[in-house]
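Asks: pasting a predicted model and its sequence here:
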Amino acid sequence: MLRHRLLFPTAALTRILRPRSIFGKMQDITERKRSELALRESEERFRTLVQFSFEVYWETDAQHRFTRQEFADTLADAPAPGSEIGKTRWEVPYLEPDAEAWRKHRETLDAHLPFRDFELARPTPDGGKRYVSVSGLPVFDRRGRFVGYRGVGRHITDRKRAEQALRESEEKWRAVFENNPTMYFIVDADGEILSVNGFGAEELGYTPEELIGGAVQNLFHNADREAVQRNTALCLEELGRAVTWELRKIRKDGSTLWVRETARGMLMTGRPVVLIVCDDITQRRRAEYLTGQVFETHPDAICVIGRDYRYQRVNTVHERNWGMPAETLVGAHVADVVGTTFFEQTLKPKCDQCFAGKEVRYSDWFSYPTGRRYLSVSYTPLRPASDRVEAVLVISRDLTEHVRASEALHVAQAELAHANRVVTMGQLTASIAHEVNQPIAAAVTNAQAGLRWLSAAPPNFEEARESLARIVKDGSRAGEVIGRIRALMKKAPPRKDAVAMNDAILEVISLTRAEAMNSGVSIRTQLADGLPLFQGDRVQLQQVILNLILNAIEAMRGVQEGERDLLIRTANEPDGVLVEMRDSGPGFCAAEIEQLFEAFYTTKPTGLGLGLSICRSIIEAHGGQLRATANVPRGAAFQFILPP
């Protein structure tokens with residue numbers, strides 16, 4: 001041992017052992033380096049994953065304060081990095097869900113339990129919302145003590161928006177389906193009713209629960225069930241194609257309901273179904289039926305002409321007029337039936353006016369294969385579904401018998417008017433003799449005076465000349481009286497001359513003056529100046545005036561007290577020339593006014609009851625109207641206005 005101590009002193013030994021001591025402190029850190037490198041790579045992968053995803057990674061301590069938050073770079077509304085570190089999750093500006101859900105979440109955190117998909121909403125700078133679904137796990141140390149939470153938050157804004165849009169769409173559909181006043185049905189391929197809205201069930205007298213699960217075939221009329229199967233199969237063969245039909249449904253009480261159904265096949269959760277929309281057309285079908293009945297049974301000839309000038313529909317009367325069946329007329333061009341000339345000159349211009357929106361009415365004679373007829377024709381524009389005129393309704397009313405009867409009546413009235421004139425002139429014989437006798441007697445007197453002037457010595461030729469002139473004047477006057485009498489007695493067709501009313505009245509007064517004097521009647525006139533001329537038959541109008549004057553004279557003969565006065569007045573009115581006659585006779589009661597102008601009604605024992613009826617016809621033929629009223633204080637008043 002000493003030897004050894006000598007050979008290896010302490011200092012030397014120290015020098016020898018020092019390098020060996022330094023070498024012993026070197027450690028192999030390869031694994032640590034590898035772990036650190038793996039950790040950095042893991043963190044890089046984690047950061048890359050966070051940055052390029054829509055998720056948030058977060059960590060909290062035991063007091064629920066955020067110790068770490070990693071937001072994705074793609075989140076434009078993410079808070080500033082580190083702005084929420086140190087805050088509790090209760091201090092972060094999340095929009096709370098309902099209170100119950102938030103309470104359960106806090107109980108979960110306080111119990112250190114994991115949670116999953118807890119949905120929150122946080123405000124965005126633009127005032128909107130960003131929805132987040134948060135999941136987390138509690139973290140415990142080696143001793144089992146709770147040290148915090150670690151978890152992720154996944155942004156579900158797009159999903160929430162899609163869900164919201166889906167809910168809104170479903171709400172809208174439900175609102176339309178349940179509240180729309182239209183019947184909706186959803187039927188599967190086997191004809192089972194999957195869904196029906198309340199209105200559709202109510203219209204049929206059921207509740208939705210009574211119909212759902214039942215066969216749709218049971219709702220239709222027996223005669224229409226085969227068509228229902230055929231139409232449903234057609235919708236399922238070509239999904240998306242809309243098919244429309246009109247069928248009858250049977251209500252719960254057994255009554256019939258006409259419906260117009262529009263159906264479309266589609267897929268619902270991968271299952272082919274048919275959506276059916278029904279409209280109640282019962283009233284329309286009834287109206288169409290009634291219209292068809294009226295169309296076919298109407299006594300007038302009716303047809304419908306389209307814009308192509310072809311017959312679209314005709315009734316049986318129109319068929320009879322042309323002697324052609326409906327099968328031949330419908331679809332034929334109008335010109336081929338009525339003739340090209342009549343079509344181009346008459347029918348086409350009137351149809352064109354109708355297509356422009358105007359109604360046209362006119363009357364004329366028409367030639368049919370079955371004979372010549374007088375028709376009153378109306379053209380009415382038809383607008384079935386829009387403002388555009390699609391067709392013209394032509395109604396031809398046969399007035400042939402009426403026109404012929406009117407012509408016969410006109411001839412009869414002319415005969416009666418002539419007879420009335422003859423009867424009236426018979427009553428005026430004495431007055432006419434008096435009127436004619438006056439100018440003849442004056443002519444004789446003037447002739448005698450002329451002879452005396454010629455027999456004088458020397459002859460007085462100047463006085464004789466004047467006597468001869470007076471004779472000529474008296475002769476002309478007698479000729480005028482006779483001419484007026486012949487005109488009244490003459491059976492001549494009506495004429496249209498320019499008539500001066502005042503002159504016509506004065507001529508008639510001159511004929512009746514003697515009759516008036518014999519009856520003690522004074523005739524007064526108030527004739528307006530400057531009256532316009534009007535076109536008419538002078539003789540017929542003088543007959544009216546003559547008849548009214550004679551009626552007034554005859555009525556006043558029975559008046560014992562008071563004056564017998566007849567006032568004839570004319571005036572210029574806005575509508576034409578007014579002629580009025582007022583007498584002081586006994587008059588008539590209000591009930592008689594309505595009957596005065598009826599044929600064969602008379603208040604005179606010897607009257608025929610035709611005078612006033614003929615007078616009214618003459619005045620109406622001249623565009624006027626003859627009226628009667630009671631005179632005040634007594635008597636009757638007749639007046640008429642003739643247009644200028």
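Replies: Sure, I can see it. This is a predicted model, so every value here is computed, not measured.
Asks: wait, residue 354 sits on residue 389?
Replies: Yes. Using C-beta atoms under 8 Å, residue 354 makes contact with residue 389 at a distance of 6.4 Å. Backbone N, C-alpha and C define where each C-beta goes, glycine included.
Asks: mutual contacts of these two, please.
Replies: residue 381 (C-beta atoms under 8 Å, 6 or more residues apart in numbering).
Asks: which of the two has more residues huddled nearby?
Replies: residue 354 (21 against 18; other C-beta atoms under 10 Å).
Asks: next one: phi and psi at the residue nearest to residue 464 when sequence neighbours are not counted?
Replies: Ranked by C-beta to C-beta, 6 or more residues apart in numbering and with sequence neighbours excluded, the top spatial neighbour of residue 464 is residue 453, at 4.1 Å. Residue 453 has phi and psi values of phi -70, psi -30 when expressed as degrees, to the nearest 10.
Asks: give the contact list for residue 453.
Replies: Neighbours of residue 453 in contact, by C-beta under 8 Å, 6+ apart: 459-461, 463-464, 467.
Asks: and with 7 Å instead?
Replies: 459-460, 463-464, 467 (C-beta atoms under 7 Å, 6 or more residues apart in numbering).
Asks: give me the buried positions along the helix or strand where residue 515 lies.
Replies: Residue 515 is part of helix 501-518, with elements assigned from DSSP states H and E. Applying a neighbour-count criterion of 16 or more other C-beta atoms under 10 Å, one finds 501-502, 504-505, 507-509, 511-512, 514-516 buried in helix 501-518.
Asks: now residue 354: how far from residue 313?
Replies: Distance of residue 354 to residue 313, computed by C-beta to C-beta, to the nearest Å: 16 Å.
Asks: one more: residue 140?
Replies: 92 Å.
Asks: of the two, which one has the most company?
Replies: For the pair residue 140 and residue 313, the greater number of neighbours falls to residue 313 (17 against 12), based on other C-beta under 10 Å.
Asks: OK, contacts around the nearest residue to that one once chain neighbours are set aside?
Replies: Spatially, and ignoring its direct neighbours in sequence, residue 313 is nearest to residue 304 (4.4 Å; C-beta to C-beta, 6+ apart). Residues near residue 304 by C-beta under 7 Å, 6+ apart: 312-313, 391, 393.
Asks: let's see if you can find the most crowded of these.
Replies: Top of the contacts of residue 304 by neighbour count (other C-beta under 10 Å): residue 391, with 22 neighbours.
Asks: specify the beta-bridge partners of it.
Replies: On the basis of DSSP bridges, residue 391 is bridged to residue 306, residue 382.
Asks: so it touches residue 303, yeah?
Replies: No. With contact defined as C-beta atoms under 7 Å, residue 391 and residue 303 do not form a contacting pair (10.0 Å).
Asks: shared neighbours, those two?
Replies: Going by C-beta under 7 Å, 6+ apart, no residue sits against residue 391 while also sitting against residue 303.
Asks: out of the contacts of residue 453, who's nearest residue 124?
Replies: residue 467 (132.5 Å; C-beta to C-beta).
Asks: shaky segments in the stretch 51-200 of the chain?
Replies: The model of the stretch 51-200 of the chain has pLDDT under 70 over residues 51-55, 70-84, 86, 88-97, 173, 175-180.
Asks: strands of that one, residue ranges please.
Replies: Secondary structure of the stretch 51-200 of the chain by DSSP state E, counting those that start in this stretch: the strands cover 55-60, 66-70, 115-123, 129-140, 146-155, 183-188, 193-196.
Asks: any chance of the ones you listed in a markdown table, plus distance to residue 258?
Replies: A markdown table is the format used below for these (distance: least, C-beta to C-beta, whole Å):
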| stretch | distance to residue 258 |
| --- | --- |
| strand 55-60 | 61 |
| strand 66-70 | 69 |
| strand 115-123 | 52 |
| strand 129-140 | 51 |
| strand 146-155 | 56 |
| strand 183-188 | 12 |
| strand 193-196 | 19 |
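Asks: between those, which one is nearest to residue 161?
Replies: strand 129-140 (8.3 Å).
Asks: work out the gap between that closest one and the centre of the chain.
Replies: Centroid separation for strand 129-140 versus its chain: 64 Å, with C-alpha atoms, centre = their mean, to the nearest Å.
Asks: buried ones in it?
Replies: Of the residues in strand 129-140, those buried (16+ other C-beta under 10 Å) are 129-134, 136, 138-139.
Asks: and it, what does it pack against?
Replies: When contacts are defined as 3 or more C-beta pairs under 7 Å, 6 or more residues apart in numbering; DSSP states H and E, strand 129-140 sits against strand 115-123, strand 146-155, helix 157-179.
Asks: could you check the angle the first one makes with strand 146-155?
Replies: It stands for strand 115-123. Inter-element angle recorded for strand 115-123 and strand 146-155: 60 degrees (by axes from the mean of the first three to the mean of the last three C-alpha atoms, to 10 degrees).
Asks: quick one on the thing from earlier: element containing the residue nearest to residue 313, please.
Replies: Here residue 304 is assigned to strand 301-306, by DSSP H and E.
Asks: and what of residue 278?
Replies: Applying DSSP H and E, one finds residue 278 within strand 271-280.
Asks: so which bits of that strand are buried?
Replies: Quick answer for strand 271-280 (16+ other C-beta under 10 Å): 273-278, 280.
Asks: list just the nearest of these to residue 380.
Replies: For the buried residues of strand 271-280, the nearest to residue 380 is residue 280 (28.5 Å; C-beta to C-beta).
Asks: quickly note the distance from the closest one to residue 199.
Replies: Residue 280 sits 10 Å away from residue 199, going by C-beta to C-beta.
Asks: pretty sure residue 335 sits against residue 341.
Replies: No. Residue 335 lies out of contact with residue 341 (C-beta under 7 Å); the separation is 9.1 Å.
Asks: these two: who's more crowded?
Replies: For residue 335 versus residue 341, neighbours defined as other C-beta under 10 Å are more numerous around residue 335 (16 against 9).
Asks: mind pulling up the pLDDT for that one?
Replies: With respect to pLDDT, residue 335 has a value of 91.
Asks: nearest spatial neighbour of it, skipping sequence neighbours?
Replies: residue 343 (3.9 Å).
Asks: quick check: that neighbour is in a helix.
Replies: Yes. Judged by DSSP: H, G, I helix; E, B strand; the rest coil, residue 343 forms part of a helix.
Asks: what about it, how many neighbours?
Replies: Residue 343: 18 neighbours (other C-beta under 10 Å).
Asks: and it, how close does it get to residue 309?
Replies: 8 Å.
Asks: overlap of the contact sets of these two?
Replies: 334-335.
Asks: if I pick residue 67, what's in contact with it?
Replies: Neighbours of residue 67 in contact, by C-beta under 7 Å, 6+ apart: 59-61, 85, 148.
Asks: quick one, which of those residues are buried?
Replies: Of the contacts of residue 67, these count as buried by 16+ other C-beta under 10 Å: 59-61, 148.
Asks: just the C-alpha atoms of whichever strand or helix holds residue 365, please, in CSV.
Replies: Here residue 365, judged by DSSP H and E, is contained in strand 360-368. Extracted as CSV, the C-alpha positions of strand 360-368 are listed here (Å, rounded to 0.1, in the frame of the first residue of the first chain):
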residue,chain,number,x,y,z
VAL,A,360,-122.2,46.1,-81.9
ARG,A,361,-126.0,45.9,-82.4
TYR,A,362,-128.0,46.4,-85.6
SER,A,363,-131.1,45.1,-87.5
ASP,A,364,-131.6,44.2,-91.1
TRP,A,365,-133.1,41.7,-93.5
PHE,A,366,-131.0,38.5,-94.0
SER,A,367,-131.3,35.8,-96.6
TYR,A,368,-131.1,32.2,-95.3
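Asks: who are the packing partners of it?
Replies: Using 3+ C-beta pairs under 7 Å, 6+ apart: strand 360-368 touches helix 348-355, strand 371-382.
Asks: residues touching it, excluding its own?
Replies: Defining contact as C-beta under 7 Å, 6+ apart, one finds that strand 360-368 is touched by 321-322, 350, 353-354, 372-379, 399.
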